[in-house]
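Student: Build me a model from this:
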Amino acid sequence: MAEEADTGIPFLDSQPFNPERPRLKWDELKDWVSPVEQRFRVGHYGFPDVDEKSWKLEIAGLVNRPLSLSLDEIKKRKVREQTNTIECSGNPANGGMVYNGKWTGTPLHLLLKDAGIKPEAFEAVFFAADTGTEKIRGGDYVQNFARSLSMKDAMREDVLLCWAMDGQPLGKNFGGPVRIVAPGWYGVAWVKWLTRIELHDRPYLGRFMGRDYVTIRGEKQGERTIWRETSVGKMNLKSIAGRAAKRKDGTIRITGAAWGDGTPIQKVEVKVDDGPWTLAELHKDNKTPNTWTFWHWDWKDAKTGEHTITSRAIDAKGRVQPAPDDPFITLKRTYWEANQQAVRKIKI
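Tutor: Sure thing, here's the model as predicted:
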């Protein structure tokens, strides 16, 4: 992404790095796969200690043959390795809670088929080892973190029961022994510390599906606004200008990344201040549909002073990353799924 001969120019809105709450250092990003020490970590009920030797994965619910599998038994099944981008659904427009990693695991659909899916199965619910007490209609209930995918999504070949990241065990911080890898979905769907999968015949509406991780968005219809609540799902189209550097010829190269739900990125455009949109160049190192695409744009004859740099991605379906004043953004009342154009500040 970056060239060693370049001289970096920091963005004025860059956030200081906190190793206790890691985030991607955009201005240092050089490789397609992100540094492990800069990958965000989230635990909803803490970070549980799971004994890998005694751990079992239960597959139950609407199946003909319930399964109980050890880690070794899962690893003996078909192995698939893939590179995918994961983004936290709470990542701000210019945030670093996103990364690209190499994931290794067993395709989930193969195990579900082995368990024998009953025809009335509507969705797969993934339960984690971390637990907390929730008050529901006046009662206290111990709940596992859990999320679901429709059967259609759960049966995709690239949804994994993942046990390794970049060739190493996941470990406690990243959801080991096994987590879900759900390419194209926000990270909340990539359930960590997985212990149980149940097939249900109706929507699962636990806290992290029906009450939390819910986006409230309005739509103007004449004089009234229609408000809708939707569960956080697939990643929205997004891009960010991550690094600025002065090259030997005086040109300032702006580099960044663009990603979304797996729909190919068709183009990225960049503008300075309130100037026109100009086309950036997409890099060719994108290997799979569910990974980010690097891009760069060369800024010639940059004027001294403070400026803003804005990027927007456009995908193969013609969808355009929305501006900050787009109603799709201004009528959103929750911070989940923020994908407005990131306006970065820089001084030349």
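Student: all helices for the stretch 151-300 of the chain, in order.
Tutor: 151-154 (DSSP state H, counting those that start in this stretch).
Student: and if you look at the stretch 1-150 of the chain?
Tutor: 71-75, 108-115.
Student: Mean neighbour count, distance to residue 314 and mean pLDDT added to those, as TSV?
Tutor: Every residue, glycine included, has its C-beta placed from N, CA and C. Written out in TSV, the entries for these read as follows (neighbours: other Cβ atoms under 10 Å; distance: least, Cβ to Cβ, whole Å; pLDDT from 0 to 100):
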stretch	mean neighbour count	distance to residue 314	mean pLDDT
helix 71-75	16	40	97
helix 108-115	18	32	98
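Student: As a markdown table, those with distance to residue 121 would be great.
Tutor: Shown next, in a markdown table, are the helices of the stretch 1-150 of the chain (distance: least, Cβ to Cβ, whole Å):
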| stretch | distance to residue 121 |
| --- | --- |
| helix 71-75 | 21 |
| helix 108-115 | 9 |
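Student: low-scoring stretches of the stretch 151-300 of the chain, by residue?
Tutor: Along the stretch 151-300 of the chain, the parts satisfying pLDDT under 70 run over 286-287.
Student: OK, contacts around the nearest residue to residue 174 once chain neighbours are set aside?
Tutor: Closest residue to residue 174 in three dimensions, ignoring its sequence neighbours and counting by Cβ to Cβ, 6 or more residues apart in numbering: residue 165, at 5.8 Å. In this structure, residue 165 makes contact with 36, 101-104, 174, judged by Cβ atoms under 8 Å, 6 or more residues apart in numbering.
Student: ok, and the closest non-adjacent residue to residue 175?
Tutor: The shortest distance from residue 175 to any non-neighbouring residue, by Cβ to Cβ, 6+ apart, is to residue 192 (2.6 Å).
Student: domains for the chain, by residue range?
Tutor: What the record gives for the chain is the domain set 7-20+233-347, 26-215, from automatic domain parsing.
Student: Would you reformat these as a markdown table and include distance to residue 227?
Tutor: Shown next, in a markdown table, are the domains of the chain (distance: least, Cβ to Cβ, whole Å):
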| stretch | distance to residue 227 |
| --- | --- |
| domain 7-20+233-347 | 8 |
| domain 26-215 | 11 |
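Student: ok, back up a step: so the residue nearest to residue 174 bridges to which residues?
Tutor: In this structure, residue 165 has the following beta-bridge partners (DSSP bridges): residue 103, residue 168.
Student: Report how many residues lie close to the nearest residue to residue 32 once chain neighbours are set aside.
Tutor: Distances taken as Cβ to Cβ, 6+ apart put residue 285 closest to residue 32, at 5.1 Å, once the chain neighbours are dropped. Other residues near residue 285 come to 12 when the count uses other Cβ atoms under 10 Å.
Student: before we move on, back to that, which ones are touching the residue nearest to residue 175?
Tutor: When contacts are counted by Cβ under 8 Å, 6+ apart, residue 192 is found next to 43, 128, 130, 170, 174-175, 179-180.
Student: With respect to residue 300, which of the helices of the stretch 1-150 of the chain lies nearest?
Tutor: Shortest distance between residue 300 and the helices of the stretch 1-150 of the chain, using Cβ to Cβ, is found for helix 108-115: 49.0 Å.
Student: Run the chain-centre distance for that closest one.
Tutor: A distance of 25 Å separates the centroid of the chain from that of helix 108-115, by Cα atoms, centre = their mean, to the nearest Å.
Student: swap in stretch 185-192?
Tutor: 7 Å.
Student: Stretch 111-122 now?
Tutor: 27 Å.
Student: Run through who's touching that stretch.
Tutor: With Cβ under 8 Å, 6+ apart as the test, stretch 111-122 has contacts from 59, 61-67, 69, 74, 77, 124, 150-151, 154-155, 161, 197, 199-203.
Student: Alpha carbons of it, as CSV, please.
Tutor: Presented in CSV, the C-alpha positions along stretch 111-122 are these (Å, rounded to 0.1, in the frame of the first residue of the first chain):
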residue,chain,number,x,y,z
LEU,A,111,-21.3,-30.2,9.5
LEU,A,112,-24.9,-29.0,9.2
LYS,A,113,-25.5,-31.5,6.4
ASP,A,114,-23.9,-34.2,8.5
ALA,A,115,-26.4,-33.4,11.3
GLY,A,116,-29.3,-33.7,8.9
ILE,A,117,-31.2,-30.4,8.5
LYS,A,118,-34.9,-30.7,9.0
PRO,A,119,-37.0,-29.0,6.4
GLU,A,120,-38.6,-26.6,8.8
ALA,A,121,-35.3,-25.1,9.9
PHE,A,122,-35.4,-21.4,9.3
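Student: Now for residue 290: which residues touch it?
Tutor: Taking Cβ under 8 Å, 6+ apart as the definition of contact, the neighbours of residue 290 are 82, 84-85, 158, 183-184, 262.
Student: now those in CSV, with neighbour count and distance to residue 96?
Tutor: Written out in CSV, the entries for those read as follows (neighbours: other Cβ atoms under 10 Å; distance: Cβ to Cβ, whole Å):
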residue, neighbour count, distance to residue 96
82, 20, 22
84, 25, 17
85, 22, 13
158, 19, 25
183, 24, 20
184, 22, 20
262, 18, 21
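Student: Show only the entries of these found in strands.
Tutor: Taking DSSP state E as the definition of strands, those contribute 82, 84-85.
Student: now those residues in JSON lines, with pLDDT?
Tutor: Conversion of the ones in strands among the contacts of residue 290 to JSON lines gives the following (pLDDT from 0 to 100):
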{"residue": "82", "pLDDT": "96"}
{"residue": "84", "pLDDT": "96"}
{"residue": "85", "pLDDT": "97"}
